[in-house]
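Trainee: Compute the structure for the input listed below.
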Amino acid sequence: MSIAAEQQRYFLTVLVWALLLEIFVIWYYMSKGDFGFMLQMTAILMVITVLGIYAVIHKIRKEIKEGYM
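Mentor: Next comes the predicted model:
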């Protein structure tokens, strides 16, 4: 496996863990009934994290597709 693929794998691992933690944080604020700034900020970070996961997976799939052609 190339260095770039290993690096993407590490980014994907970090992003998935971040998504998991953000889900817990959103659950915590919603269970408290606190719909203030922190919940909104966490929701925005969650969207950014999901977009990052999508971008990394898209890049990995593109490299795999180019590698097999």
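Trainee: name the element the closest residue to residue 43 other than its chain neighbours belongs to?
Mentor: For residue 43, ignoring the flanking residues on the chain, the nearest one in space by CB to CB, 6 or more residues apart in numbering is residue 26 at 6.5 Å. C-beta: built from backbone N, CA, C; applies to glycine. Of the helices and strands defined by DSSP states H and E, residue 26 is found in helix 3-32.
Trainee: just to revisit the earlier point, for the residue nearest to residue 43, grab the count of nearby residues.
Mentor: Taking other CB atoms under 10 Å as the criterion, the count of residues near residue 26 is 16.
Trainee: measure it to residue 53 for me?
Mentor: 16 Å (CB to CB, to the nearest Å).
Trainee: Kindly report the same for residue 17.
Mentor: According to CB to CB, residue 17 and residue 53 sit 11 Å apart.
Trainee: what about these two, which has more around it?
Mentor: Comparing residue 17 with residue 53 by neighbour count (other CB under 10 Å), the higher total belongs to residue 53, at 16 against 11.
Trainee: Check the secondary structure at residue 34 for me.
Mentor: Here residue 34 is recorded as coil under DSSP: H, G, I helix; E, B strand; the rest coil.
Trainee: secondary structure class for residue 47?
Mentor: Taken by three-state DSSP, the conformation at residue 47 corresponds to helix.
Trainee: Right, I'll call it a day here.
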